[in-house]
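[1] Predicted model and sequence follow; I will ask about them next.
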Amino acid sequence: MIPSLPIAPAMLSAHEDKFSNLVEKYERQKKIHPTILITGLEGTGKRSMVIHLIQRLFCDTPGKNLDACGNCKSCKRSKQNQWLDLFWLEPETGEDDARLGTHKIDAFRELKTKLGLGPMEEPFKVVVITNADRMTLQAANSILKTLEEPPPNWVFILTAADASRLLPTILSRCMEIKLRPLDAQEVYTILQQIQGPEFQSAKARIASRAAEGSVSRAQYFLEDETWKIRDQLLGFLSNPASEWMRLIESFSTSQRALQLSLDLIESLLMDLLKNSIEPKHIWVHEDQKEFLLQWQESKNITPEKILFVLTQIAEKRRFTTLTLNSKLLAQETLIPLLETFIS
């Protein structure tokens, strides 16, 4: 789905400096690199910055930096999602989580039927390929042939969380713009701007710190499902025998539930690990600080044990996107936690 405009001001403020050279060059020469790659962690604003950049490049009377006028014909078309010269390609959705989808070759075959056409209303046509690092090999080879000889007045913008998963031959044709992770205050401000000025809560503060620079990750942490799983995890630490099977069931309901659970385990353990190194650090789960410290002391949880479990969780993460027995994978994920901390 194409992001709506305007984007959150705090998102624009965090990243606009990364685009200044590209926009300045476009203003001087009225030319733009035919293939642009925008990279950064999931949730740092790649898609939002892409749609804002396109609005700025299409704007008839732009302002300074990345500012579009908002009133010209092109800007009005953008607000109504009526750009005829924009093609927006998303990965095909996974069964229970769009983050697990892939780009397949069919969409690129259809795109090729339009490559001979020139722009209808804007200075050029734009093809956006979000999550380009999820292209199948067939799809990647198909679009590579187009990127090697892009049609006149066509621009391709790719986004990727992991550029190393792109074909080297595709990377070599791209001008890369790297977005940094957002800090916790930026994430919180963006959430406020998305949700409205009345949006304030202790949960939002925790979610912003747990986000690790990602707005989408913060939004996942705000969902009721996440807090339910967190409560179950804390209950498991207090009474593993009675909570074991209930936790397995929660972990195995979907790939997304398992990923959220791993995120929560990591953030809880990282609070303890950071506290061992720097007691004055800012806790993510500040509302559970006393409980976690008491649990750590009662179970003699050393930093070495925490690091071991975090390493095991990182290993299990590699399997969360595969079609495996979800209940078995959930059990295998929790066993190191049980053996190291509970026994």
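    Sure, I can see it. Numbering: from 1, shown residues only.
[2] what's the helix or strand for V127?
    strand 125-129 (DSSP states H and E).
[3] swap that for I229, please
    helix 224-238.
[4] Using CSV, write down the CA coordinates of the helix or strand just after that helix.
    Next in sequence after helix 224-238, counting helices and strands by DSSP H and E, comes helix 240-251. What follows is helix 240-251 as a C-alpha-only set of coordinates in CSV (Å, rounded to 0.1, in the frame of the first residue of the first chain):
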residue,chain,number,x,y,z
PRO,A,240,7.7,-21.9,34.5
ALA,A,241,6.0,-25.2,35.3
SER,A,242,2.5,-23.7,35.1
GLU,A,243,3.1,-21.3,32.2
TRP,A,244,5.2,-23.5,29.9
MET,A,245,2.4,-25.0,27.7
ARG,A,246,0.4,-21.8,27.6
LEU,A,247,3.5,-19.9,26.4
ILE,A,248,4.2,-22.5,23.7
GLU,A,249,0.6,-22.1,22.4
SER,A,250,1.0,-18.3,22.3
PHE,A,251,4.4,-18.5,20.5
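[5] Mind listing what's buried along the biggest helix by length in the chain?
    The longest helix of the chain (DSSP state H) is helix 255-277. Buried residues in helix 255-277, counting neighbours by 16 or more other CB atoms under 10 Å, are found at 255-275. Any C-beta I mention is one placed from the backbone N, CA and C, and that applies to glycine too.
[6] Show me what secondary structure element comes after it.
    helix 289-299.
[7] what domains does the record give for this structure?
    9-178, 223-342 (automatic domain parsing).
[8] on that earlier part again, list the helices and strands the strand holding V127 packs on?
    The contact analysis (3 or more CB pairs under 8 Å, 6 or more residues apart in numbering; DSSP states H and E) places strand 125-129 against helix 46-58, strand 86-89, strand 154-160.
[9] mind running it again at 7 Å?
    Where contact means 3 or more CB pairs under 7 Å, 6 or more residues apart in numbering; DSSP states H and E, strand 125-129 is packed against strand 86-89, strand 154-160.
[10] Name the residues that touch it?
    50, 54, 85-89, 103, 111, 119, 153-158 (CB atoms under 7 Å, 6 or more residues apart in numbering).
[11] Low-confidence stretches in the chain?
    Along the chain, the parts satisfying pLDDT under 70 run over 94-100, 197-198, 200, 320-324, 342-343.
[12] The residue sitting furthest away from the middle of the chain and A314: what is the separation?
    Each residue of the chain has a distance to the centre, and by CA atoms, centre = their mean the biggest one is for S298: 36.9 Å. Look at S298 and A314: by CB to CB, to the nearest Å, they are 26 Å apart.
[13] Any idea how many residues pack against G118?
    11 (other CB atoms under 10 Å).
[14] same check, this time on K228
    K228 has 12 neighbours, counted by other CB under 10 Å.
[15] Give the closest residue to it in space, chain neighbours not counted.
    S250 (7.4 Å; CB to CB, 6 or more residues apart in numbering).
[16] do R165 as well
    D133 (4.0 Å).
[17] repeat for A163
    Nearest residue to A163, sequence neighbours excluded (CB to CB, 6+ apart): T39, at 4.9 Å.
[18] in terms of contact, does the residue nearest to K228 touch L260 like I think?
    No: at 9.5 Å, S250 and L260 do not qualify as touching, with contact defined as CB atoms under 7 Å.
[19] Overlap in contacts, the two.
    What both S250 and L260 touch, as defined by CB under 7 Å, 6+ apart, is the set I229.
[20] contacting residues around N325?
    For N325, the contact set (CB under 7 Å, 6+ apart) is empty.
[21] Now the stretch of helix or strand F108 belongs to: buried residues?
    Element membership for F108 (DSSP H and E) is helix 105-112. The neighbour-count check on helix 105-112 (16+ other CB under 10 Å) flags 105, 107-108, 111 as buried.
[22] Could you tell me how far stretch 205-212 lies from the centre of the chain?
    Remark: stretch 205-212 is offset 14 Å from the chain centroid, using CA atoms, centre = their mean, to the nearest Å.
[23] oh sorry, the question was meant for stretch 58-69
    Mean-position distance between stretch 58-69 and its chain equals 27 Å (CA atoms, centre = their mean).
[24] And for stretch 39-50?
    Using CA atoms, centre = their mean, the offset of stretch 39-50 from its chain centre is 7 Å.
[25] which residues are in contact with the longest helix of the chain?
    96-97, 100, 210, 220, 226, 229-230, 233, 250-252, 281, 283-285, 292, 296, 301, 303, 306, 309-310, 313, 317, 320-321, 326, 329-330, 333, 337.
[26] In ChimeraX, how would I select just the buried ones from these?
    Applied in ChimeraX, the following selects the buried portion of the contacts of helix 255-277 according to 16+ other CB under 10 Å:
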select :100,210,220,226,229,230,233,250,251,252,283,284,285,292,296,301,306,309,310,313,320,326,329,330,333,337
